[in-house]
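Trainee: Structure for the following, please:
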Amino acid sequence: MKREVVQEFLNQPGVAGIALMDGRSRPYFFGVDQTLNFQQKEALAQGIQQVVQTTPPGFEYFEFQFSGHRAYIYKFDHGMILLVLATGELVLATYAPLIHQLRAELKHDLTNAIATFRLLAGNLSLSNQNYWQPTGPTGPSAPLPAAPWHSPPSSPVQPQAVPAPPPVSSESIARDPVSSSSVSEDAAGPEALPPDAPAPTLKELLTAVNQISQFTTHYLGPTVVANYWRSSRPAMEWLGNFEIDRAARITYTGDVPALSQTLSDEQQQGVQDWTRAFIQRCSRVMRDFSTLLDQGVLDDRQKAFLALSSL
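Mentor: Residues are numbered from 1 along each chain as shown. You can find the predicted model right below:
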């Protein structure tokens with residue numbers, strides 16, 4: 001790998017630094033000494049390890065916030081990870097071709113790439129430890145990067161195409177389940193609606209769950225969101241009539257009744273259980289997911305018939 005390629009990449013405005021990690025030897029940071037201190041580097045390296053470990057296979061691009069910076073992670077073969085730290089001065093039109101060139105150089109010869117980064121980093125590397133093994137706290141108190149947005153490998157890696165949701169705090173990821181009053185197992189069932197309120201219709205149900213789903217894709221990406229809906233679906237025969245496509249859109253595929261048909265108490269309870277399970281699953285990755293969901297995603301009636309009124 002040519003050293004000049006790395007130097008040219010670092011010289012572009014807005015790039016604060018880069019790092020290369022192979023999952024076995026120590027990470028090699030370069031150009032971040034004025035940006036991150038030693039403890040921040042340690043936290044970032046360990047946080048990236050946890051994010052990668054808890055992400056479904058097949059993803060090669062992540063974006064998140066860390067310590068006031070935009071961070072990009074690019075995955076390669078053999079567990080190799082490239083980290084780019086950027087500031088608000090980054091010009092995406094300039095960044096895109098340069099990151100493409102750098103990634104091409106890394107893919108061409110990963111072995112020499114490690115040697116090049118070792119040479120550039122010199123004594124700036126972290127202590128020699130295996131960052132793919134847990135070495136510190138992994139619960140909610142662990143200093144981890146913010147919630148990532150994932151790009152599947154079938155899509156072009158173009159940072160400018162990434163949605164720009166409100167930034168999440170630098171402690172928004174948690175590997176362990178996080179309790180939330182809004183998703184309590186004791187949440188009310190169909191009684192959450194006022195006694196005199198009409199039961200929700202199938203159309204209302206589809207509108208509400210799709211609003212939740214599409215909102216969540218801005219943080220976790222459509223593939224992850226679709227997988228979370230599928231994996232959290234309760235074992236209820238009627239719920240099996242709902243299909244989640246690759247864009248995380250939810251449709252009803254059973255014997256199609258009129259969209260104005262109201263749900264039975266049993267159906268409404270099933271949807272509530274499913275929605276709460278989905279929110280709990282997302283909250284394992286984004287600690288403040290329930291708070292984000294409360295920012296105008298659902299109206300009061302939708303929250304009521306999904307038993308999410310405490311959001």
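
Trainee: which SSE is the residue lying closest to Asp300 once chain neighbours are set aside in?
Mentor: Counting by Cβ to Cβ, 6 or more residues apart in numbering, Asp300 lies nearest to Ser309, which is 7.5 Å off, once chain neighbours are set aside. Every residue, glycine included, has its C-beta placed from N, CA and C. Here Ser309, judged by DSSP states H and E, is contained in no helix and no strand.

Trainee: same deal with Arg301?
Mentor: Using DSSP H and E, Arg301 sits in helix 300-305.

Trainee: Tell me which other helices or strands that helix touches.
Mentor: On a contact count with 3 or more Cβ pairs under 8 Å, 6 or more residues apart in numbering; DSSP states H and E, helix 300-305 meets helix 202-220.

Trainee: what comes up buried for the helix it packs on?
Mentor: By neighbour count on 16 or more other Cβ atoms under 10 Å, the buried set for helix 202-220 is 202, 204-206, 208-209, 211-220.

Trainee: Of those residues, which is the nearest to Phe66?
Mentor: Phe66 has its nearest neighbour among the buried residues of helix 202-220 in Tyr219, at 15.2 Å by Cβ to Cβ.

Trainee: Was I right to think that closest one contacts Asp288?
Mentor: No - taking contacts as Cβ atoms under 8 Å, Tyr219 lies outside contact range of Asp288: 10.3 Å.

Trainee: Flag the shaky bits of the chain, pLDDT-wise.
Mentor: The model of the chain has pLDDT under 70 over residues 1-2, 22-27, 31-36, 47, 49-61, 114, 117-196, 256-258, 310-311.

Trainee: if we can go back for a sec, the residue nearest to Asp300: how many residues sit nearby?
Mentor: Per other Cβ atoms under 10 Å, the neighbour tally for Ser309 reads 17.

Trainee: repeat for Ala86
Mentor: 22.

Trainee: Spell out the residue ranges of the helices in this protein.
Mentor: 3-11, 38-53, 92-108, 110-121, 202-220, 222-232, 265-283, 289-293, 300-305 (DSSP state H).

Trainee: which residues does Tyr72 form a beta bridge with?
Mentor: For Tyr72, the beta-bridge partners are Glu63, Val84 (DSSP bridges).

Trainee: hang on, isn't it packed against Gln65?
Mentor: No - if you go by Cβ under 8 Å, Tyr72 and Gln65 don't touch, sitting 11.1 Å apart.

Trainee: okay, these two: which has more neighbours?
Mentor: Neighbour count, other Cβ under 10 Å: between Tyr72 and Gln65, Tyr72 has more, with 22 against 17.

Trainee: Please tell me how far the more buried one sits from Glu105.
Mentor: Relative to Glu105, Tyr72 is positioned 16 Å away (Cβ to Cβ, to the nearest Å).

Trainee: Can you tell me how far Arg287 is from Gln280?
Mentor: Arg287 is 12 Å from Gln280, by Cβ to Cβ.

Trainee: again but with His100, I slipped
Mentor: Separation of His100 from Gln280 (Cβ to Cβ): 38 Å.

Trainee: Compare these two (neighbour count), which wins?
Mentor: Neighbours were counted for His100 and for Gln280 using other Cβ under 10 Å; Gln280 has more, 21 against 13.

Trainee: If we go by neighbour counts, what in stretch 245-253 is buried?
Mentor: Neighbour-count burial for stretch 245-253 [16+ other Cβ under 10 Å]: 248-250, 252.

Trainee: pretty sure Ala208 is touching Ala307, no?
Mentor: No - Ala208 is beyond contact range of Ala307, at 11.5 Å (criterion: Cβ under 8 Å).

Trainee: ok so, going back, and the buried residues of helix 202-220, which two are furthest apart?
Mentor: Among these, the pair separated by the greatest distance (Cβ to Cβ) is Leu202 and Tyr219, at 27.2 Å.

Trainee: circling back: quick one, which of the helices of the chain gets closest to Met21.
Mentor: Nearest to Met21, of all the helices of the chain, is helix 38-53, at 6.6 Å by Cβ to Cβ.

Trainee: Please point out which parts of the helix holding Arg301 sit buried.
Mentor: Neighbour-count burial for helix 300-305, counted by 16+ other Cβ under 10 Å, picks out 301-305.

Trainee: List the buried residues of stretch 266-283.
Mentor: So for stretch 266-283, counting by 16+ other Cβ under 10 Å, buried means 267-283.
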